[in-house]
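Novice: Need a 3D model of the sequence below.
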Amino acid sequence: MRPPATISLTPGKRILFLTKDPEVIRKQLAGELDLRMEDVSVDDLLDDINTDAMTPAWVCFDHDPAEIAKNAYAGLIVDGERVVPERALRDGNFEVIVSGLRKGVGSSRETAAQCEKWSGIKLVIAASFAPIHARNNINLGTLMGDHAMLARLQDGESIALAEFFEEYDAITQLIVQHGGLFPFAKALAANEVELPVAVSQERPMTMAEKVLSAHLVEDAGRTVRPGEPVVVNVDAGYSHEFTTAQVHTFLAEEYGADYAIANPSKFAIFEDHLIYADEVKRMLPFMGKIQTLRDLQNDFQTHTGCLSFAARDGVSPGICHQVAREKFIEPGEFVQATDSHTCMGGGSNSLAWGVGATEYANLVQSGFTVVEVPESIRFEMTGKLDVGCTAKDVILHILATFAKREDTLKRVMEFGGPGLASLDMDERATLANMATECAARTGIVESDAQTLAWIAERRGDDVTAESLASKAVAPDAGAHYDGGVHTIDLSAIKPMVAHPGDPDRGIPSDPTNGALIEEIGEVAIDIAYGGSCTAGKETDLDLYAQVMSEAAEAGLHVADHVQFLIQFGSKDVEDYARDKGYLDVFAKTGVRIIAPGCGACIGCGPGVSDSDLQVSVSAINRNYKGRSGPGRLYLASPLTVAASAVRGHIAAYSPGMFTA
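Specialist: I've put the predicted structure just below:
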């Protein structure tokens, strides 16, 4: 349904202010309090509301609108209790919801936007939005505005619809006017929409701009610029058992039961996220729903003939992002998938980012998609990391500085410079992987001989370094970066640990004495976890094994009160670790090994905490409250995680630390 030409508040409908004081939220939900914008300051409102808080993993086991709406904000927990009880948003007669900065950070799960829309929310107000979440709102037809607009609406003003989209690109404006992506796509297919004609002016381009330019459906190769709407072909994509059911359902609803997708050989399904959910006690009640998701994904794969990376005999081939870079992502490609860590493909010099189920369904049906050319920010690497530091420490440093002040927000993070040569392909993938934690559009890393050789080694005989080189992209001399060019001296990076709650809460450590700076002190841990797409790669296994080998030589093992779990990112990584003899080292030192998959990173596998009293140190990508169990979770590098597992408390690694 198209939105009206002017937007007003509906008499009798309510507005929910998500404040930092949970009691104020509870009183609003109970009907005891109604607020106006003038009653609160922006500082009173919750910042960084992540998609795990809006719809935690177990809510995503449903693809039914009523069930998703019922559990809106089920992950917003204070003192062990839901701030927003079951059905409270849906039954509260709300049409507007209000928060602070960076609404919707974290996972790309569209259920986060759906839970509000399907609860009756028509307008979402925030100081800023994470890019994937904002796009999901647009695709679903939910309007977004700022606090000043809400104040005007509460004063009785009607605001022209155009004000809600005037800062968007021309095609996104059309999507908003049509009430969402599917209505727009149908109008476009029926020749009822005239797309804007671009005026191209020659200018040097960034890597992201060059990839999009090369993929234009019409006039490929012409110059593009930030803010310009473009229609581009998609080289590859994938979904997983968390998301495929909705993709399948949406396509059947919109295009009929006999729908087809444009290029099935380019798109894949993965069974990786929920493969070990049955090993987590609190997930057991949901196993029936999880099986339904698996069944619907299998139906989608059979129906479309797309590539299958489903589990065999209960064993996953690996995490989608890791397997994709091993098997099919190549330099210069444009990749879209239903997961926020799709950006990991940027480590292979591709332009890759996550999208919601609606957007993915639309692009697999057509083979192309509509995007706004994003701005870029460049990180110029110099020097070389000290022993004890990793790419994870680099990205935690960037999070704590550039991301925290929103320099990276909605921008493509471009990585290059002479220091890049000192980082191997797995470390580069870590940088690109966590661009989404920076609320960036994505990350992309310059290509070099190492890039081409690494990919060619993992492909068939028909893929060579020379053939890949012709596809690689590099920035033009003089390319403009709206976020600036920033030098990262790798030699100045210290081991980083991020406080529980948000990846941008990192602080550097002092590895000279094997302990963190006084701000953290000696934090005893219960769980150390090494795995996920971020830290389950071959180089990560090298780092875990390095620390545990040194511990074994010193006659040490995992501390008695600590569980140390290492999970492989893929079957290829597992084979690599076995060939290197790492499994023997891990067995000798008391490490538990887990077959490939996502698991603890999304709270659906071994390594999650069982109570809020437990403390974890983890090499995963994000540490939002409740993401990996109810306990407190610190983020750190593979080296720090392994060193902490032996010490029994959070400790930065340094050579010889176990014999000093």
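
Novice: alpha carbons only for contacts and neighbour counts from here, please
Specialist: OK.

Novice: how many other residues sit next to Pro655?
Specialist: For Pro655, the neighbour count with other C-alpha atoms under 10 Å is 15.

Novice: quick one: contacts for it?
Specialist: Val387, Gly388 (C-alpha atoms under 8 Å, 6 or more residues apart in numbering).

Novice: How about the one 3 residues further on?
Specialist: The neighbourhood of Phe658, defined by C-alpha under 8 Å, 6+ apart, consists of Glu550, Ala551, Ala554, Leu556.

Novice: Redo the residues you listed as a markdown table? Include secondary structure.
Specialist: Shown next, in a markdown table, are those (DSSP: H, G, I helix; E, B strand; the rest coil):
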| residue | secondary structure |
| --- | --- |
| Glu550 | helix |
| Ala551 | helix |
| Ala554 | coil |
| Leu556 | coil |
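
Novice: Just the buried ones from the residues you listed?
Specialist: Glu550, Ala551, Leu556 (16 or more other C-alpha atoms under 10 Å).

Novice: Quick one: the helices in the stretch 151-300 of the chain, in order.
Specialist: Applying DSSP state H, counting those that start in this stretch to the stretch 151-300 of the chain gives helices spanning 162-165, 170-178, 181-189, 207-214, 244-255, 287-304.

Novice: Now do the second one against helix 181-189, angle only.
Specialist: On the basis of axes from the mean of the first three to the mean of the last three C-alpha atoms, to 10 degrees, helix 170-178 is oriented at 110 degrees to helix 181-189.

Novice: Give the rounded mean pLDDT of helix 170-178.
Specialist: Helix 170-178 carries an average pLDDT of 95.

Novice: Need the residues that contact it.
Specialist: Contacts with helix 170-178, where a contact means C-alpha under 8 Å, 6+ apart, come from 1-3, 138-139, 141, 143, 165-166, 181, 183-184, 195-196, 228-230, 370, 372.

Novice: Can you give me every residue that contacts Ala130?
Specialist: Arg102, Lys103, Gly104, Val105, Leu409, Lys410, Ala439, Ala440.

Novice: Among these, which one is most surrounded by other residues?
Specialist: Neighbour counts for these, by other C-alpha under 10 Å, peak at Ala439, which reaches 30 neighbours.

Novice: element containing the closest residue to it other than its chain neighbours, please.
Specialist: Computed as C-alpha to C-alpha, 6 or more residues apart in numbering, the closest residue to Ala439 that is not its neighbour in sequence is Leu409, at 5.1 Å. For Leu409, there is no host helix or strand (DSSP states H and E).

Novice: Distance of Leu409 relative to Leu399?
Specialist: Here Leu409 is placed at a distance of 11 Å from Leu399 (C-alpha to C-alpha, to the nearest Å).

Novice: Spit out the residues that contact the two alike.
Specialist: With C-alpha under 8 Å, 6+ apart, Leu409 and Leu399 have common neighbours Cys438.

Novice: rewinding a little: turn the contacts of Phe658 into TSV, including pLDDT and distance to Ala524.
Specialist: Converted to TSV, the contacts of Phe658 look like this (pLDDT from 0 to 100; distance: C-alpha to C-alpha, whole Å):
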residue	pLDDT	distance to Ala524
Glu550	97	21
Ala551	97	18
Ala554	96	21
Leu556	97	17
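
Novice: Quick check, pLDDT for Asp510.
Specialist: What the model reports for Asp510 is a pLDDT of 59.

Novice: Pro85 in helix, strand or coil?
Specialist: Put simply, Pro85 is coil when judged by three-state DSSP.

Novice: hang on, Pro4 packs against Leu161?
Specialist: Yes - between Pro4 and Leu161 a contact is recorded at 7.1 Å, counting by C-alpha atoms under 8 Å.

Novice: Between these two, point out the one with more neighbours.
Specialist: Higher neighbour count among Pro4 and Leu161: Leu161, with 17 against 11, using other C-alpha under 10 Å.

Novice: how about low-confidence regions in the chain?
Specialist: The chain contains residues with pLDDT under 70 at 509-519, 660.

Novice: wait, what's in contact with the most centrally placed residue in it?
Specialist: Nearest residue to the geometric centre of the chain (C-alpha atoms, centre = their mean): Ser340, 2.7 Å. For Ser340, the contacting residues are Gly106, Ser107, Ser108, Arg109, Ile132, Trp353, Gly354, Val355, Thr436, by C-alpha under 8 Å, 6+ apart.

Novice: what's the answer for Gly346, then?
Specialist: Counted by C-alpha under 8 Å, 6+ apart, Gly346 has contacts Ala352, Ala429, Ala432, Asn433, Thr442, Gly443, Ile444, Val445.

Novice: Please convert the contacts of Ala130 to CSV, extending it with secondary structure and distance to Asp610.
Specialist: Converted to CSV, the contacts of Ala130 look like this (DSSP: H, G, I helix; E, B strand; the rest coil; distance: C-alpha to C-alpha, whole Å):
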residue, secondary structure, distance to Asp610
Arg102, coil, 29
Lys103, strand, 28
Gly104, coil, 26
Val105, strand, 25
Leu409, coil, 34
Lys410, coil, 35
Ala439, coil, 29
Ala440, coil, 32
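
Novice: Distance to Gln567 added to these, as CSV?
Specialist: Output for the contacts of Ala130, formatted as CSV (distance: C-alpha to C-alpha, whole Å):
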residue, distance to Gln567
Arg102, 31
Lys103, 31
Gly104, 28
Val105, 25
Leu409, 31
Lys410, 31
Ala439, 26
Ala440, 27
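
Novice: picking up where we left off before, and the buried ones among the contacts of Ser340, selectable in ChimeraX?
Specialist: To isolate the buried subset of the contacts of Ser340 in ChimeraX, counting by 16+ other C-alpha under 10 Å, use the following:
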select :106,107,108,109,132,353,354,355,436
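
Novice: Please tabulate the contacts of Ser340 in JSON lines and include distance to Ile594 and secondary structure as additional columns.
Specialist: As requested, those are exported to JSON lines (distance: C-alpha to C-alpha, whole Å; DSSP: H, G, I helix; E, B strand; the rest coil):
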{"residue": "Gly106", "distance to Ile594": "25", "secondary structure": "coil"}
{"residue": "Ser107", "distance to Ile594": "23", "secondary structure": "coil"}
{"residue": "Ser108", "distance to Ile594": "26", "secondary structure": "coil"}
{"residue": "Arg109", "distance to Ile594": "25", "secondary structure": "coil"}
{"residue": "Ile132", "distance to Ile594": "31", "secondary structure": "helix"}
{"residue": "Trp353", "distance to Ile594": "28", "secondary structure": "strand"}
{"residue": "Gly354", "distance to Ile594": "26", "secondary structure": "strand"}
{"residue": "Val355", "distance to Ile594": "29", "secondary structure": "coil"}
{"residue": "Thr436", "distance to Ile594": "26", "secondary structure": "helix"}
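
Novice: Nearest to Arg222 among the contacts of Ser340?
Specialist: Comparing these against Arg222 with C-alpha to C-alpha places Trp353 closest, at 22.3 Å.

Novice: Let me see the contact set for the closest one.
Specialist: Val335, Gln336, Ala337, Asp339, Ser340, His341, Thr342, Cys343, Arg441, Thr442.

Novice: go on, Gly31?
Specialist: Counted by C-alpha under 8 Å, 6+ apart, Gly31 has contacts Gly92.

Novice: Can you give the domain ranges for this structure?
Specialist: For the chain, automatic domain parsing gives the domain ranges 6-180, 207-372, 496-660.

Novice: Which among the ones you listed is found nearest to Ala472?
Specialist: Among the domains of the chain, the nearest to Ala472 by C-alpha to C-alpha is domain 207-372 (4.8 Å).
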